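Participant: okay, predicted coordinates and the sequence, questions at the end:
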Amino acid sequence: MSSTMAGERPAVSVWFESPRTIELRASNVLPPGRGEVRIEALFSGISHGSEMMVYRGEVPAGLALDSTLPTLQGSFSFPVKYGYASVGRVVDVGSGINELVEGDLVFSL
C-alpha cells in the first residue's frame with residue numbers, strides 16, 4: 001500500500017481483473033468533504049444483471065461506466081472497479097451532514 005496522507009484510511013476494493021477473475025486491492029480513502037460521509041461496507045449485493053455481465057466479460061470494453069455514480073470511473077475495459085449497492089456503517093461524517101452520525105447503518109449506491 002502507498003504512503004498515506006493525513007486523515008486517509010486504508011480501504012479494500014473489489015476489482016474485476018479479467019473475465020471471471022477478481023482481486024481485492026488496497027487503497028487509501030480521503031476524509032469526507034462537505035456534504036459527504038465515509039461508509040465501511042458490511043454487505044454488498046451482486047447484481048445478476050450488470051455485475052455478473054462484467055464478471056463474465058460480456059460488456060463491451062469501450063462502454064462508459066455510469067457517470068452518475070461517483071465511485072465508477074472510466075470504462076468497462078479490464079481491470080475495472082465496479083459495484084454499486086452495499087450496506088454499511090457510517091465511520092466519518094463531513095461538515096454539513098446533520099442526518100447521520102458515526103455508527104448509523106445505511107444503504108449506499
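Facilitator: Right, received. Where do you want to start?
Participant: residue closest to the middle of the protein?
Facilitator: Geometric centre of the chain, nearest residue: Thr71, 5.3 Å, by Cα atoms, centre = their mean.
Participant: residue ranges with poor pLDDT in this protein?
Facilitator: 1-5, 73 (pLDDT under 70).
Participant: give me that answer again for 80
Facilitator: The model of the chain has pLDDT under 80 over residues 1-7, 67, 69-74, 109.
Participant: what's the burial count for Ser18?
Facilitator: The tally of other residues near Ser18 (other Cβ atoms under 10 Å) stands at 11. For the C-beta atoms, the positions are set from N, CA and C on the backbone; glycine is no exception.
Participant: sorry, slip of the keys, the one I care about is Gly49.
Facilitator: The number of residues packed around Gly49, counting by other Cβ under 10 Å, is 8.
Participant: what sits against the residue nearest to the centre of the chain?
Facilitator: Counting by Cβ atoms under 8 Å, 6 or more residues apart in numbering, Thr71 touches Lys81, Gly83, Tyr84.
Participant: doesn't it fall inside a strand?
Facilitator: No. Secondary structure of Thr71 (DSSP: H, G, I helix; E, B strand; the rest coil): coil, not part of a strand.
Participant: ok, the nearest residue to Ser77 once chain neighbours are set aside to Thr71 distance?
Facilitator: Using Cβ to Cβ, 6 or more residues apart in numbering and skipping residues adjacent in sequence, the residue nearest Ser77 is Ala61, 3.9 Å away. For Ala61, the distance to Thr71 equals 19 Å [Cβ to Cβ, to the nearest Å].
Participant: check Arg38 too.
Facilitator: Distance of Arg38 to Thr71, computed by Cβ to Cβ: 12 Å.
Participant: quick one: strands adjacent to the helix or strand that contains Val91?
Facilitator: Val91 belongs to strand 86-93 when assigned by DSSP states H and E. As defined by DSSP bridges, the strand partners of strand 86-93 come to strand 37-44 (antiparallel), strand 105-108 (antiparallel).
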